[in-house]
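S.K.: 3D model of this:
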Amino acid sequence: MGIRRRLALGTAVLTAAGLFSVAAPPQQAQAAAPCPGRKARTLPFATGSVVVYKRGGYVCAVTLPERPGTKRRMSVSLKARGGRPVVDEGRYAYRAGPVTVYAGQRCVWVKGRVGSRSVSSGWILC
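M.R.: Numbers count the residues shown, from 1 in each chain. Below is the predicted model of the structure:
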């Protein structure tokens, strides 16, 4: 009798766990930050925004469209002062990037584009 009760309880727990995983909205999977660290800056523009993260001496950036889901031309560029830019560009539906550079204590320049609109930060995070 004890074994049947344990099997029934185990089955009920597994069923409930399965239902919770199916019932969870898909946004939760995308809610995780694309870069490690804390959000340091958000640069909004007409068709999207560039989100910049910082952790230690590393800086990471992604471009997010205002209306995700449709593939369009997107890019993100991140450059530490004195270094070369790291760029990700192409046709994306949800984001361009992430791109990461080691900046140490140097300023960075961030650019982002969605469609024909763009943003350029100038030197930031100095």
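
S.K.: which stretches of this structure have low pLDDT?
M.R.: 1-31 (pLDDT under 70).

S.K.: relative to the whole chain's centre, how far out is stretch 49-61?
M.R.: Stretch 49-61 sits 10 Å away from the centroid of its parent chain (CA atoms, centre = their mean, to the nearest Å).

S.K.: show me the contact partners of that stretch.
M.R.: 33-43, 62-64, 66, 76, 78, 80, 97-105, 108, 110-112, 119, 121, 124-125 (CB atoms under 8 Å, 6 or more residues apart in numbering). For the C-beta atoms, the positions are set from N, CA and C on the backbone; glycine is no exception.

S.K.: among those, name the buried ones.
M.R.: Buried members of the contacts of stretch 49-61, counted by 16 or more other CB atoms under 10 Å: 35, 40-41, 43, 62-64, 76, 78, 80, 97-101, 103, 108, 110-112, 119, 121, 125.

S.K.: which of the contacts of stretch 49-61 fall in helices?
M.R.: Among the contacts of stretch 49-61, DSSP state H puts none in helices.

S.K.: give me the subset of the residues you listed lying in strands.
M.R.: Taking DSSP state E as the definition of strands, the contacts of stretch 49-61 contribute 38-43, 62-64, 76, 78, 80, 97-102, 108, 110-112, 119, 121, 124.

S.K.: at the geometric centre of the chain, which residue sits there?
M.R.: For the chain, P34 is the residue whose C-alpha lies nearest the centre (CA atoms, centre = their mean; 2.8 Å).

S.K.: from M74, how far off is it?
M.R.: 13 Å (CB to CB, to the nearest Å).

S.K.: please apply the same query to L64.
M.R.: If you go by CB to CB, the gap between L64 and M74 works out to 9 Å.
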